[in-house]
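> Fold the following and give me the result.
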Amino acid sequence: MLSLTEYAVLGLLAERPQHGFAISRDLATTGSIGKILTVRRPLVYRALDRLAEEGLAEPKHIEPGDVGPQRLIYCVTPKGKRLFRRWLNEPVEHIRDIRIGFQLKLALLDRLGLSPQPVIAAQRAVLESILAGLGEPPAGSLDHLELWRHYNARAAAAYLERLHGLYS
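Residues are numbered from 1 along each chain as shown. Next comes the predicted model:
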């Protein structure tokens, strides 16, 4: 099981072979993926090491740095591609994970030029079962957590419905 950080790094490698410094720019607060999931540079390098240990990525070659040290270029392995593609189309399990995990998948799909429809459809199905289990909060309920869950789930359902319409 990989962390979201490791999946983000793997997804950026699936786009093209690159070095850790380039990946860390995409995962910085101002980066395209960093706006969803911000990862500091040391954690990017730790993720690259873990992906290499697991046989999901491998060093390809070394290139000279612009002004600093040489840079080790990594590429995703076939095993890494299979795992990443499978993860990319799996829905997240919890509504709270739509904020980061699901958004990360949408951003990576977009960067790879792939349709988000399969993961949107899968996410809608998961959310439908969650909504069915929640039911309506009791009238006059002061259970703030229950109210939050109910309205958060309804907002997520409306969001997914809109996404489905946009990509149909």
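> Can I get stretch 52-60 in CSV? Just the C-alpha atoms.
What follows is stretch 52-60 as a C-alpha-only set of coordinates in CSV (Å, rounded to 0.1, in the frame of the first residue of the first chain):
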residue,chain,number,x,y,z
ALA,A,52,12.6,2.1,-6.3
GLU,A,53,12.7,-0.4,-3.4
GLU,A,54,9.3,-1.7,-4.3
GLY,A,55,10.3,-2.1,-8.0
LEU,A,56,7.7,0.5,-9.1
ALA,A,57,10.3,3.1,-10.4
GLU,A,58,14.0,2.8,-11.3
PRO,A,59,16.9,5.2,-12.0
LYS,A,60,17.3,5.6,-15.7
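> so what's residue 109 up against?
Residues in contact with residue 109 (C-beta atoms under 8 Å, 6 or more residues apart in numbering) are 88, 115, 116, 119. C-betas here are computed from N, CA, C, even on glycine.
> Restricted to helices, list those residues.
88, 119 (DSSP state H).
> Rebuild the contacts of residue 109 as CSV, extending it with pLDDT.
Formatted as CSV, the contacts of residue 109 follow (pLDDT from 0 to 100):
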residue, pLDDT
88, 96
115, 95
116, 97
119, 97
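> Mind picking the one among the contacts of residue 109 that's closest to residue 9?
Closest approach to residue 9 among those (C-beta to C-beta): residue 88, at 13.7 Å.
> Now that closest one: closest residue in space, sequence neighbours ignored.
Nearest non-adjacent residue to residue 88, counting by C-beta to C-beta, 6 or more residues apart in numbering: residue 105, 5.6 Å away.
> before we move on, the earlier item: now, of the contacts of residue 109, which are buried?
88, 116, 119 (16 or more other C-beta atoms under 10 Å).
> residues contacting the last one?
By C-beta under 8 Å, 6+ apart, residue 119 lies in contact with 88, 89, 90, 91, 102, 105, 106, 109.
> mind listing which of those residues are in helices?
Among the contacts of residue 119, the members falling in helices (DSSP H) are 88, 102, 105, 106, 109.
> count of residues packed around residue 60?
Residue 60 has 15 neighbouring residues, counting by other C-beta atoms under 10 Å.
> that's a strand at it, yeah?
Yes. Assigned with DSSP: H, G, I helix; E, B strand; the rest coil, residue 60 falls within a strand.
> From residue 127, how far off is residue 135?
Relative to residue 127, residue 135 is positioned 14 Å away (C-beta to C-beta, to the nearest Å).
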